[in-house]
Structures are given as structure tokens and as C-alpha cells.
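> below are the sequence and a predicted model for it; my questions follow.
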Amino acid sequence: MSWLPYFVAGWVCLVGLYGVVTSRNLIHLALCLTVTQSSTYLLLLMVGYVKGGGAPIFKGVKLGTTAVDPVVQALSLTDIVVSVTVLALILVLGIDVYKEGGTIDPDGLAELEG
């Protein structure tokens with residue numbers, strides 16, 4: 001078992017979190033959150049990977065043929081859809097903040113009253 005894929009997923013997550021912490025722009029912050037979310041795709045695909053496994057299509061395939069886990073593939077697709085939805089919501093909120101506050105720098109925003 002190789003630890004390299006798990007290391008890569010952890011590294012991608014840390015790079016995204018570093019970007020979140022050091023971000024001075026709401027758009028950059030949203031993109032860094034997307035990078036962090038991408039590490040979960042890597043992790044899910046690594047968990048479901050089977051060496052020598054084929055696609056999880058079983059029609060016309062001999063019984064006992066090795067295949068990758070289709071559940072983690074479905075979870076990865078669901079994760080991608082959720083990530084795109086959250087990114088769209090964050091970007092729309094960033095546009096609203098810019099319209100109300102005049103800046104997309106989080107430190108430059110005054111307290112907004114609703």
C-alpha cells in the first residue's frame with residue numbers, strides 16, 4: 001500500500017487552507033476553498049481504488065472480476081456538484097458584499113447592517 005496518494009491529498013488540502021488563511025480577496029478565498037474541496041475528491045477516489053480493478057460495469061462480465069467501488073465514485077460526483085453549488089453561492093455573496101461595501105478585501109469592509 002502506497003502512502004503517496006494520501007500525502008498528495010493532505011498537501012492539496014494544506015495548500016488550500018494556507019490560501020484561505022492568507023487571502024486578502026473574497027474571490028481568492030472562494031477559489032482556495034475550492035482547492036481544499038478538491039482534496040476530498042482525491043481522498044475519495046483513493047479509498048475506492050482497487051489495483052487492477054476495472055470500471056464498475058458488470059453487464060457481460062464474468063462473475064468475480066475485480067472492479068473499483070462504485071459508491072465512492074458516486075460520492076465523488078456528488079462532492080463535485082456540492083462544491084460547484086457552494087462556490088456559486090460564495091461568489092454571489094461576494095458580489096453582494098462588493099455592491100454594499102465597495103471592496104472585496106475582508107479587512108476593508110465596515111460592519112454591514114441588515
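Sure, I can see it.

> got the phi/psi numbers for the nearest residue to Leu45 once chain neighbours are set aside?
Sequence neighbours aside, Ser76 is the residue nearest to Leu45 in space, at 5.9 Å (criterion: CB to CB, 6 or more residues apart in numbering). Placement of C-beta: from N, CA and C, glycine included. Dihedral pair for Ser76: phi -60, psi -40, per degrees, to the nearest 10.

> check Ser76 and give its pLDDT.
Among the per-residue scores, Ser76 holds a pLDDT of 89.

> pLDDT below threshold where in the protein?
1, 112-114 (pLDDT under 70).

> show me the residue at the heart of it, geometrically.
Gln37 (2.0 Å; CA atoms, centre = their mean).

> and the gap between that one and Tyr18?
Distance check for Gln37 against Tyr18: by CB to CB, to the nearest Å, it reads 15 Å.

> same question for Gly108.
Taking CB to CB, one finds Gly108 at 22 Å from Tyr18.

> between these two, who's got more neighbours?
Comparing Gly108 with Tyr18 by neighbour count (other CB atoms under 10 Å), the higher total belongs to Tyr18, at 13 against 10.

> grab the nearest non-local neighbour of that one.
Cys32 (8.0 Å).

> before we move on, which element is the one you found in?
Per DSSP states H and E: Cys32 is located in helix 26-48.

> counting by contacts, list what that helix packs against.
helix 4-22, helix 70-101 (3 or more CB pairs under 8 Å, 6 or more residues apart in numbering; DSSP states H and E).

> okay, buried residues for it please.
Going by neighbour count (16 or more other CB atoms under 10 Å), the buried part of helix 26-48 is 26, 29-45, 48.

> please report how far the residue located most distally from the centre of the chain lies from Asp69.
Distance from the C-alpha centroid of the chain, by CA atoms, centre = their mean, peaks at Lys62 (35.5 Å). Separation of Lys62 from Asp69 (CB to CB) stands at 19 Å.
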